[in-house]
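**Q** One predicted model, sequence on top.
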Amino acid sequence: MKILVINGPNMNLLGLREPDIYGRQTYADLVAALQKRADELGVEISFVQSNHEGDLVDAIQQAYPEMDGIIINPAAYTHTSVAILDAVKAVGIPTVEVHMSDVKSRDDFRQVSYIRQACIATFMGKGFGSYIEALELLVNK
Ligand code: DQA
């Protein structure tokens, strides 16, 4: 089984950005934690991070046909991107939306998620745990 983890803009600045919201652990720490859990579960995992919307669309398109699941934190593009929604719909790969923070309890503009309608589940507010739960869901599916 092959899982692709996609992270959107500013997720490369984990540890630096708003640590009161996102914590002190870095993007490299996130990759290491997911790699460790994937190894335990016996699945192949790969990672893409980009600050550019089109790169994220490209990563979703290139996931077809070899990836069995996608875990995506589109970050700010969650709240704006029809292009990312359409890409997930186009490839038809089981996809889970994740967020480090509890977006439900944040700004009004974060209450919209375009991608959610194309995802099999959403995990939020659990930091790295949101990604781990998404991985476990895809593996047990
Ligand atoms: C985020 C929440 C988004 O609203 C925000 O723009 C991000 C990160 C999260 O992981 O909590 O960049 O997706």
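**A** Cool, the structure landed. Numbers count the residues shown, from 1 in each chain.
**Q** Trp34: neighbour count?
**A** No Trp there; residue 34 is Leu. Using other Cβ atoms under 10 Å, Leu34 is surrounded by 20 other residues. For glycine as for every other residue, the C-beta is placed from the backbone atoms N, C-alpha and C.
**Q** let me fix that: Asp20
**A** So Asp20, with other Cβ under 10 Å, has 6 neighbours.
**Q** What's the first helix or strand after the strand or helix carrying it?
**A** Under the criterion of DSSP states H and E, Asp20 resides in helix 19-22. For helix 19-22, the succeeding helix or strand toward the C-terminus, using DSSP H and E, is helix 27-41.
**Q** just checking, what packs against that following helix?
**A** In terms of contacts (3 or more Cβ pairs under 8 Å, 6 or more residues apart in numbering; DSSP states H and E), helix 27-41 is packed against strand 2-7, strand 44-49, helix 128-140.
**Q** would you turn these into a markdown table with distance to the ligand?
**A** A markdown table is the format used below for these (distance: least, Cβ to the nearest ligand atom, whole Å):
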| stretch | distance to the ligand |
| --- | --- |
| strand 2-7 | 9 |
| strand 44-49 | 12 |
| helix 128-140 | 7 |
